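[1] Please work out how this folds:
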Amino acid sequence: MGHDVVVAAGPEVTAATISLVDALVVGSELVREKSEWFSQLRAQIRAAEVIVLGMAPSNSEGEISALLEFGVDDYLVAPFHAADVRARIELLERRSYAYMRRQSHEESARGEIERLAAIIQTQNDIALAGLDLDVVMRLIAERAMILCGAGGAAVGLIEGEDMYFRICLGFYAHVQGVRLPIRSTMAGASVLSGDVMRTDDTERDPRVNKNVSRNMGIRSMLNVPLKRDNQTVGLLSIASQVPYAFVDSDDRTMELMAGLLGAAMGNAAEHAAKQALMTEVASIVTALQESQHLFDSFLNNNPALAYMKDESGRRVFVNEPFRRFFGLTTGMDVSAIPDEQLMPPETVVHLREQDDQAFRSGQPTVSESMIPTPDGEPRHFLTYRFIARDSSGRRFLGCVSFDITERKAAEGALRRSEESFRALIEGSPEAIFVHRGGPLLYVNPSACAFLRLQANELVGRSLLDFVHPEDRAVAASTLDGMAGRGGHRVREIRFQPPDGSVVTAEISSLRLVFAGQPATLVTARDLTERKQIQARLVVADRLASVGTLAAGVAHEINNPLAFVISNLSFLTEELHALSAELPQGRLDELEEVLEETNEGVNRVRLIVQDLKTFSRGDEEQPTSVDLTRVIGSALSLARGELRHRATLVKDVSDVPLVEGSEARYCQVVLNLLINAAHAIAPGQPDKNEIRVSLRTENDHAIIEVKDTGCGMPPEVLSRIFDPFFTTKPVGVGTGLGLSICHGIITGFGGEISATSEQGKGSTFRISLPAYHKARLKAG
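    Below is the predicted model:
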């Protein structure tokens, strides 16, 4: 039944023992034997209000009388069963509790006034305690415990899913600060339902967690929810270690106490909220003051000129830099100072137009303007304008102006520098390429001419695409700019433009910043002309030696040649004198031999003459020459050579006189005609053509000799003016003809060039300055 049982007999049962028990069970035999002792004990039993249950072995009158005489509340007759004992004790307990409650009710009328007075006093005490919730909670818990005769009192507050016991008194003290799940206790059930819950006996109430109540020694409990603003926020609980400790008046008392505590909690919360609000307002005001201080400090220590205008154009705010720029003292009312007093009229008009535009559009704007200082020094400003509104919705124009005078000067200098640099790059005779790891980003005009392509055909392609395949491995390390790190390196690289030609160039590279990012600049210098000059210098050096040798050889050959020519002439005369003595056939044979010998001697004489010309040049004094007559003479001399090979076409117009030697010019034209004839196979003159033309271009006389012969490949064309270079078989040509022609023409200030295409023929072009131009040039 949940009770502790103590078994004692006779004198062992004392008043102190009785005060500790709820029920006393006595046997009839013991009562008879110890009747005197039990008579003395009866007074203490009644004073302790302990239930007494008698136990008789039989239903005899002697057994029962002894028990009744002792004053038992009820008795049982053997045999004894546990269920009968439990039921009889419960019945007696209920009778005892009912009696106690009747007694309490009789006394309640007398104590109700005192209870109400105590509650009123509690309310006054709460008012005196102020807003300290811990003090108020403790005060109410103490008064509730006293007014309801409880052995313990507690105030619990809801925190999430737990009940936190904040104030605990009496035998509740050991749970101070403990948290228990709300749903695990009867106190939690009261909180969840929002209703007052009373437990008269924890052992018989199924809502009670008996393990908890037994551990705490609780037999009766009264729980009242604490409410604030119609929401349950906690619990006021009292408890007793005896059952049926509380009556209905205790419920009302606890409800009043809980109401007082809820009101106090509401007042405290409202006060805390007001305090928090006041603290927040104070912090906001402080923050605003700090913000205003920081804002003023920022604007006044910023180099920019900052100001605000209203819609009428008056300044309502200016910062310190604005005042310093216009010479305004601190504290001066700027709203009364018109713009015309600070700036020239044209500047005022310009700024007002920009202000009005910003007001009309309502959008932020940025503009540049020149604002002179009071001393007249021009200063350039970049001004940001925006619309600001106050709390009433009024519009203001905010302006922030940055002095960009130095920046504009630097930009101007940079722009001029960039223009100069671009002009230098664009006009550079060297090819310049810029790439960033491969594709070309920029090429200058010289680069386009170098590779015979337009800029849009080069940009985006790799420069390595135009390098000769045999040189690409060597070129790669130079083109990427890496070689320049250890020192400036230069390489000779062969390039192949799309036209199939090969160009030798000297390239170098360096790393730089292009368009804001690292890039590589490659320069290429065309070495073709230099190579040609170097080749010509080598040839010239060789020709100097050959010329000296040729002069000596020609002199040495001329002497014996003179004897040979003289002797051949003598033999011819003698042969004719002896013609009558020789047979006719024999004479013809000898004349043929002499004729062939004379032809060979004359050929040697011409070769010697060419050698002398090559070695010494022409010592004739230049005169004015009619090129029409030169061409006529040359055609007359070459007509026999041309007749069997091609049709001769003559296209001659009037040209100015040129300076030079008629004989030498005739030698040049004749040489070109003979070469043209030799380029055409004999036998089909009607299918081939040699055209000789004479015309004027830019104050120059132009002679062209064009044939439809076999033409020349590029490698032959590039060497035709080299001395001793010939494609004719040995004994047919010496290789001096075109070299001598080149020397004659250039010696008189002219130019000679050739173009050719295999299978289609060749064209030789001579350009000679007009005579008066040559005279001026010589003067």
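[2] Against which helices or strands is the strand or helix carrying A676 packed?
    Here A676, judged by DSSP states H and E, is contained in helix 662-678. Helices and strands touching helix 662-678, by 3 or more Cβ pairs under 8 Å, 6 or more residues apart in numbering; DSSP states H and E, are strand 623-625, helix 627-643, strand 689-697, strand 700-707, helix 737-747, strand 761-769. For every residue, glycine as well, the C-beta is placed using N, CA and C.
[3] Give me the mean pLDDT for the longest one.
    Pointing back at helix 627-643 there. Averaged over helix 627-643, pLDDT sits at 84.
[4] same thing with the third one?
    For strand 689-697, the per-residue pLDDT values average out at 93.
[5] The helix holding A676: which residues count as buried?
    Going by neighbour count (16 or more other Cβ atoms under 10 Å), the buried part of helix 662-678 is 662, 664-678.
[6] Show me where the stretch 501-650 of the chain has its helices.
    Applying DSSP state H, counting those that start in this stretch to the stretch 501-650 of the chain gives helices spanning 528-577, 584-616, 627-643.
[7] ignore the last one, the stretch 351-500 of the chain
    For the stretch 351-500 of the chain, the helices defined by DSSP H, counting those that start in this stretch cover 405-427, 445-451, 455-458, 472-479.
[8] what's the closest of the ones you listed to R645?
    Smallest distance to R645 across the helices of the stretch 351-500 of the chain (Cβ to Cβ): 40.1 Å, for helix 445-451.
[9] elements contacting that closest one?
    Short answer (3+ Cβ pairs under 8 Å, 6+ apart): helix 445-451 packs on strand 431-435, helix 455-458, strand 517-526.
[10] Specify the angle between the first one and strand 517-526 in degrees.
    For strand 431-435 against strand 517-526, the angle between stretch directions is 160 degrees (axes from the mean of the first three to the mean of the last three Cα atoms, to 10 degrees).
[11] how about TSV for the helices of the stretch 351-500 of the chain, with mean pLDDT added?
    TSV is the format used below for the helices of the stretch 351-500 of the chain (pLDDT from 0 to 100):
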stretch	mean pLDDT
helix 405-427	83
helix 445-451	89
helix 455-458	88
helix 472-479	80
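[12] Quick one: closest of those to A83.
    A83 lies closest to helix 405-427 among these, at 107.9 Å (Cβ to Cβ).
[13] For that closest one, what is the distance to the chain centroid?
    Mean-position distance between helix 405-427 and its chain equals 29 Å (Cα atoms, centre = their mean, to the nearest Å).
[14] which residues does V434 bridge with?
    Applying DSSP bridges to V434 gives these bridge partners: Y442, L521.
[15] hmm, back to that, minimum distance to F298: which of the helices and strands packed on helix 662-678 has it?
    Among these, the nearest to F298 by Cβ to Cβ is strand 689-697 (76.9 Å).
[16] list the helices and strands that closest one packs on?
    helix 627-643, strand 647-652, helix 662-678, strand 700-707.
[17] ok, it: who's next to it in the sheet?
    strand 647-652 (parallel), strand 700-707 (antiparallel).
[18] Can I get the ones you listed in JSON lines including distance to D686?
    Below are those laid out as JSON lines (distance: least, Cβ to Cβ, whole Å):
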{"stretch": "strand 647-652", "distance to D686": "6"}
{"stretch": "strand 700-707", "distance to D686": "15"}
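[19] on that earlier part again, mind putting the helices and strands packed on helix 445-451 in JSON lines, distance to E641 and mean neighbour count included?
    Compiled in JSON lines, those are given as follows (distance: least, Cβ to Cβ, whole Å; neighbours: other Cβ atoms under 10 Å):
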{"stretch": "strand 431-435", "distance to E641": "47", "mean neighbour count": "22"}
{"stretch": "helix 455-458", "distance to E641": "48", "mean neighbour count": "14"}
{"stretch": "strand 517-526", "distance to E641": "41", "mean neighbour count": "18"}
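[20] got the ones you listed as a markdown table, with distance to C168 columns?
    As requested, the helices and strands packed on helix 445-451 are exported to a markdown table (distance: least, Cβ to Cβ, whole Å):
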| stretch | distance to C168 |
| --- | --- |
| strand 431-435 | 86 |
| helix 455-458 | 93 |
| strand 517-526 | 76 |
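[21] Of these, give the one that comes closest to T504.
    strand 517-526 (7.8 Å).
[22] Show me what that closest one is packed against.
    Partner elements for strand 517-526 (3+ Cβ pairs under 8 Å, 6+ apart): strand 431-435, helix 445-451, helix 472-479, strand 503-514.
[23] Pipe those into a markdown table and attach distance to S417 per row.
    As requested, the helices and strands packed on strand 517-526 are exported to a markdown table (distance: least, Cβ to Cβ, whole Å):
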| stretch | distance to S417 |
| --- | --- |
| strand 431-435 | 17 |
| helix 445-451 | 21 |
| helix 472-479 | 27 |
| strand 503-514 | 14 |
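[24] Which one of the ones you listed lies nearest to I337?
    Closest to I337 of those is strand 503-514 (Cβ to Cβ; 48.5 Å).
[25] Toward the C-terminus, what is the element adjacent to the top helix by length along the chain?
    Secondary structure of the chain per DSSP state H: the longest helix is helix 248-301. Counting by DSSP H and E, the next helix or strand C-terminal to helix 248-301 is strand 305-310.
[26] contacting residues for I404?
    Neighbour list for I404: E368, H380, F381, L382 [criterion: Cβ atoms under 8 Å, 6 or more residues apart in numbering].
[27] Bridged to the third one, which residues?
    Read that as F381. S369, D403.
[28] tell me the contacts of it?
    Taking Cβ under 8 Å, 6+ apart, we find F381 in contact with L305, E368, S369, M370, I371, S401, F402, D403, I404.
[29] how about JSON lines for the helices and strands packed on helix 662-678, with mean neighbour count and distance to A245 added?
    Listed next are the helices and strands packed on helix 662-678 as JSON lines, based on neighbours: other Cβ atoms under 10 Å; distance: least, Cβ to Cβ, whole Å:
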{"stretch": "strand 623-625", "mean neighbour count": "16", "distance to A245": "154"}
{"stretch": "helix 627-643", "mean neighbour count": "17", "distance to A245": "151"}
{"stretch": "strand 689-697", "mean neighbour count": "17", "distance to A245": "139"}
{"stretch": "strand 700-707", "mean neighbour count": "22", "distance to A245": "141"}
{"stretch": "helix 737-747", "mean neighbour count": "20", "distance to A245": "142"}
{"stretch": "strand 761-769", "mean neighbour count": "21", "distance to A245": "139"}
